[in-house]
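Asks: When you get a sec, could you give me coordinates for this:
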Amino acid sequence: MGESSTKIDVDKLISYSDDLVEVLKDRRDIDSLTRCLSQSESLESSCDADFNETLNAIRDYQERIDACKQKTERAKSDIAGEAEVDHLQIELEEELKKELIANEINDLERERVAIEEQKQTLKKFKQDELKAEMKLSMYASVTNIIPNLDDQSKIAGYIVDRDKKVIDKFEYDPAKMAASDICHNIWKAINL
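Replies: So this is what the prediction gives:
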C-alpha cells in the first residue's frame with residue numbers, strides 16, 4: 001500500500017513538472033510585444049502616407065490660391081470694375097474657406113481612424129490580459145502554484161495553500177541549480 005502511495009506522488013511530481021515546464025516556455029509576452037511593435041510600425045507607415053498626402057494637398061491648394069491671386073491681380077490690372085474685383089475677392093475667400101473646411105474634415109477623419117485603431121488595440125490588450133489572469137488562476141487551482149513571469153531569467157512564483165490560507169514565495173536561479181533540483185524543491189514546498 002505504501003508503494004502505490006509513492007507511485008501516486010511520483011505521478012503528481014511528473015505532472016507538476018510538466019506544467020511548470022509549459023509555464024516556463026510561455027512566449028506570450030514576447031509575441032504580444034512583437035505584435036504591438038508591428039502595429040506601431042504599421043501606424044507609423046500610415047501616418048507617413050497621410051502626411052505626404054496632406055503635404056501634396058497643401059501644395060495643390062497653394063497653387064490654386066496662387067492662381068486665384070493671379071486672376072485677382074490681372075483683374076485689378078485690367079482696371080476691371082470695382083464690383084468685379086469685389087466679386088473675385090469674395091470667390092477667393094469662399095474657395096479658401098471650402099479648402100480649410102475640407103482639410104479640417106480630413107484631419108478629423110484621420111483622428112477618428114487613429115482613435116478607432118487605438119480602441120481595437122486596447123481591447124485586444126485587455127483580452128490578452130484577461131486570458132493571462134485566467135491562465136494564472138488555472139495554474140493556481142491545478143498546481144497550487146502561481147508563476148511570476150515578469151523575470152524570464154529566474155524561476156519564481158508563489159505556492160498557495162488554500163487550507164492554511166498561506167502564500168509562500170519561491171525564486172530559483174536556473175543558472176545555479178539543475179531543473180530537476182528546482183522541481184524537487186518546489187514539490188517539497190507544495191507538500192509541506
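
Asks: only C-alpha atoms for contact and neighbour calcs from this point on.
Replies: Will do.

Asks: pLDDT below threshold where in the chain?
Replies: 1-8, 19-34, 36, 75-76, 78-81, 136, 139-142, 192 (pLDDT under 70).

Asks: In it, where's the longest helix?
Replies: helix 82-143 (DSSP state H).

Asks: Which strands or helices does that one pack on?
Replies: Helices and strands touching helix 82-143, by 3 or more Cα pairs under 8 Å, 6 or more residues apart in numbering; DSSP states H and E, are helix 28-77, strand 145-147.

Asks: And the ones you listed: which comes nearest Gln127?
Replies: helix 28-77 (11.6 Å; Cα to Cα).

Asks: what's the spacing between that closest one and its chain's center?
Replies: 25 Å (Cα atoms, centre = their mean, to the nearest Å).

Asks: Report the inter-axis angle for that helix versus helix 82-143.
Replies: Per axes from the mean of the first three to the mean of the last three Cα atoms, to 10 degrees, the angle that helix 28-77 makes with helix 82-143 is 180 degrees.

Asks: Can you name every helix or strand that helix 28-77 contacts?
Replies: helix 82-143.

Asks: what about Leu55, how many neighbours?
Replies: 12 (other Cα atoms under 10 Å).

Asks: one step back: looking at the helices and strands packed on helix 82-143, which is buried most?
Replies: strand 145-147 (a mean of 23; mean count of other Cα atoms under 10 Å).

Asks: Indicate each strand paired with that strand and its parallel or antiparallel sense.
Replies: strand 155-161 (antiparallel) (DSSP bridges).

Asks: and the next helix or strand after the strand it pairs with, what other elements does it pack with?
Replies: Once the chain leaves strand 155-161, the next helix or strand it forms, by DSSP states H and E, is strand 166-172. Helices and strands touching strand 166-172, by 3+ Cα pairs under 8 Å, 6+ apart, are strand 155-161.

Asks: Only alpha carbons, please: show the strand it packs on as CSV.
Replies: What follows is strand 155-161, C-alpha atoms only, in CSV (Å, rounded to 0.1, in the frame of the first residue of the first chain):
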residue,chain,number,x,y,z
ILE,A,155,12.0,30.6,-11.9
ALA,A,156,9.8,32.4,-9.4
GLY,A,157,6.3,32.4,-8.1
TYR,A,158,4.0,31.7,-5.2
ILE,A,159,2.8,28.5,-3.7
VAL,A,160,-0.8,28.8,-2.5
ASP,A,161,-2.1,26.6,0.4
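
Asks: That's all I had, so thanks and see you.
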